[in-house]
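*Asks:* Based on what follows, work out the 3D shape:
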Amino acid sequence: MHYVKRFLTTLFHTALALVLIFGEWGWGPLARAMDHLARLPVWSQLEVLIRRLPPYAALLLLCVPMLTLLPVKLLAVYWMARGHTVLGLLVVLAAKVVGTAVAARLFQLTQPALMQLAWFRHWYPRWLVWKDGVIAQVKNARPWRLAQAIARRARRTARKFMRFLGL
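*Replies:* Here you go, the predicted structure:
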């Protein structure tokens, strides 16, 4: 029983670390991509309304991407269970990217309102420290460093190959 608990704990921590790393990797670029939507008049007006939300309404709004994409993710699991594994994985990946992009932009817009909540103001810096610590542990782990070295080598090889082809 001890080994099962240890395995499940390791599996949970690994999944959590991967989600945090994906979020960290995608948060900034995806938020910047969503910034381009702010140039559209309708989107710009919507963002003005979002910025004016009171704190708890802003907090509730942050749940929208998660709740909206849950049925999409369940559909992806259904497809995987029916033998359409690649389609299911692509849908989950697309939902994760879209959800991260929307959540990142919504957080940018609602953070001032959220910081008015005493408990949020108290826990948010602690969350950042904890998240950064988890990410640092993963990045210092041997499998991560090995994967990074393989990725660097693959990029160098691809660049050489492209130069060889004259592209």
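*Asks:* rest of the way, CA atoms for contacts and neighbours
*Replies:* Noted.
*Asks:* my guess is residue 65 contacts residue 104, does it?
*Replies:* No - look at residue 65 against residue 104 with CA atoms under 8 Å: they stay out of range, at 10.1 Å.
*Asks:* of those two, who's got more company?
*Replies:* Each of residue 65 and residue 104 has its neighbours counted (other CA atoms under 10 Å); residue 104 has more, 22 against 18.
*Asks:* just checking, that one touches residue 27?
*Replies:* Yes - the criterion here is CA under 8 Å, and residue 104 meets it with residue 27 at 5.7 Å.
*Asks:* So residue 128 versus residue 134, what's the distance?
*Replies:* According to CA to CA, to the nearest Å, residue 128 and residue 134 sit 10 Å apart.
*Asks:* can you give me the helices in the chain?
*Replies:* Using DSSP state H, the helices found in the chain span residues 2-35, 41-51, 55-62, 64-81, 85-114, 118-140, 142-165.
*Asks:* okay, the ones you listed, which one's buried deepest?
*Replies:* Most buried of the helices of the chain by mean neighbour count (mean count of other CA atoms under 10 Å) is helix 85-114; its value is a mean of 18.
*Asks:* okay, the angle between that one and helix 41-51?
*Replies:* 60 degrees (axes from the mean of the first three to the mean of the last three CA atoms, to 10 degrees).
*Asks:* So which elements touch helix 85-114?
*Replies:* helix 2-35, helix 41-51, helix 55-62, helix 64-81 (3 or more CA pairs under 8 Å, 6 or more residues apart in numbering; DSSP states H and E).
*Asks:* so that helix versus helix 2-35, what angle?
*Replies:* 70 degrees.
*Asks:* returning to what we had before: can you add mean pLDDT and give the helices of the chain back as CSV?
*Replies:* Formatted as CSV, those follow (pLDDT from 0 to 100):
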stretch, mean pLDDT
helix 2-35, 75
helix 41-51, 90
helix 55-62, 95
helix 64-81, 88
helix 85-114, 89
helix 118-140, 89
helix 142-165, 89
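*Asks:* Quickly note the distance from residue 44 to residue 15.
*Replies:* 36 Å.
*Asks:* Oh, that last question was meant for residue 61, not what I typed.
*Replies:* Residue 61 is 25 Å from residue 15, where distance means CA to CA.
*Asks:* and what of residue 78?
*Replies:* 20 Å.
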